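Build the 3D model from these lines:
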Amino acid sequence: MTGVDDINVLAETFLVQIGYLPKGYDPRSAGALSVRDSIPYRLFMDFFMKNPSKVWTAEELAALLDTTKPTVYRHINKLKSMDLLESMDTEVEGQVRKGFRIRYGDIVKAWSFTESNVNLAMENYKKTVIRFQELLKKQAEQS
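Below is the predicted model:
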């Protein structure tokens with residue numbers, strides 16, 4: 001995808017590749033005309049990517065996207081589960097609220113964090129599989 005010059009094509013591809021947007025996602029079921037009009041796409045591109053250092057509250061995003069807080073949280077939680085977003089406190093009208101932004105305010109740094117966690121998990125899975133095989137072999141020898 002490095003040869004793609006259309007940021008929207010690249011973004012859609014990336015969001016499908018990481019599982020944020022399901023393959024074959026039909027935004028019309030949620031009232032959008034296209035993927036780029038959909039809540040998850042707009043949340044990611046129009047808010048988090050256009051202002052990666054800005055801390056957004058769920059209430060603010062719900063109002064700007066004309067949707068509900070549970071819908072916003074559902075998509076925020078997907079991005080948080082991939083370690084692309086971080087939560088932090090922000091002040092809104094004199095009150096401290098929970099807010100969200102791209103981790104480190106930088107998508108490349110956020111992705112490096114995600115990649116490190118994936119690599120660590122894969123190494124742990126490998127160790128578990130090797131140990132599992134050792135125990136199976138030991139059990140078979142004792143039978």
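
tell me the contacts of the most centrally placed residue in the chain?
Nearest to the geometric centre of the chain sits residue 79, at 2.1 Å (Cα atoms, centre = their mean). Applying Cβ atoms under 8 Å, 6 or more residues apart in numbering, we find residue 79 in contact with 20, 44, 48, 85, 100. Yep, even glycine has a C-beta here, placed from its N, CA and C like the rest.

quick one, what contacts the second one?
Same thing as residue 44. Per Cβ under 8 Å, 6+ apart, neighbours of residue 44: 11, 15, 20, 75, 79.

Of those, which pair is most distant in space?
11 and 75 (14.4 Å; Cβ to Cβ).

More neighbours: those two, which one.
Neighbour count, other Cβ atoms under 10 Å: between residue 11 and residue 75, residue 75 has more, with 24 against 18.

Could you report the neighbour count for the residue lying closest to that one once chain neighbours are set aside?
Spatial nearest neighbour of residue 75, chain neighbours left out: residue 40 (4.8 Å); criterion: Cβ to Cβ, 6 or more residues apart in numbering. For residue 40, the count of nearby residues is 24 (other Cβ under 10 Å).

just to revisit the earlier point, okay, the residue nearest to the centre of the chain and residue 58: tell me how far apart.
Using Cβ to Cβ, to the nearest Å, residue 79 is found at 12 Å from residue 58.
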